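# just coords:
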């Protein structure tokens, strides 16, 4: 899905959703095959025909709307409010708890269906022993990581640009110091340096 630049969800919490590309979106979201948007729905009670009008306004119309209403307890109430509206606009509806809705949207999108999803984060996250064990199995031991997590960041400066350049730098220490000086320059210093470099270049071309 990443190679085709399609949207997919790989994780969720009570606060939002983690997409396949690693980005995290807070709160409810509206998904399309290649686009993710914020969906302004404060509570499950606010999932109404009006909140779904965006999906009905699309041309061409989506085939199916996968609606994740948070927890299972919200399914029947939301279905009663929105099913007639979607039926009127000839949009198929798959309504379920949000965790199942994610799996359904990912599958349909990977199959190339013109699908949309409206996902509300669950209020009650239940983690089973099996899921907890699987998560623990993915954690690295502290003695296998490149840097002790308790000391992570202690060698960094308050200048994030400098830290980033240093981590990416492959030259020697002398060339790093030169690059570091350029990173730390103020805008006026940078402009002055560039002007001097242009003047120096012009002098050399004249000679």
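That came through fine. Fair warning: this is a prediction, and the values are worked out from it, not measured in the lab.
# And the pLDDT at residue 201?
Looking at residue 201, its pLDDT is 74.
# Just to be sure, it is in a helix?
Yes. Counting by DSSP: H, G, I helix; E, B strand; the rest coil, residue 201 is part of a helix.
# What distance do you get for it to residue 194?
Residue 201 is 10 Å from residue 194, where distance means Cβ to Cβ, to the nearest Å. For the C-beta atoms, the positions are set from N, CA and C on the backbone; glycine is no exception.
# helices and strands around the helix or strand harbouring residue 31, which ones?
Per DSSP states H and E, residue 31 falls inside strand 29-32. Packing partners of strand 29-32 (3 or more Cβ pairs under 8 Å, 6 or more residues apart in numbering; DSSP states H and E): strand 35-38, strand 115-119.
# any idea of the mean pLDDT for the first one?
If I follow you right, that is strand 35-38. So the average pLDDT for strand 35-38 ends up being 92.
# continuing past it, what's the next helix or strand?
helix 53-57.
# buried sites along that following helix?
For helix 53-57, the neighbour count (16 or more other Cβ atoms under 10 Å) marks 55, 56 as buried.
# what's next to that helix, contact-wise?
30, 62, 65, 85, 86, 89, 91, 116, 118 (Cβ atoms under 8 Å, 6 or more residues apart in numbering).
# what residues are up against residue 120?
28, 39, 41, 44, 47, 68, 69, 70, 74, 98.
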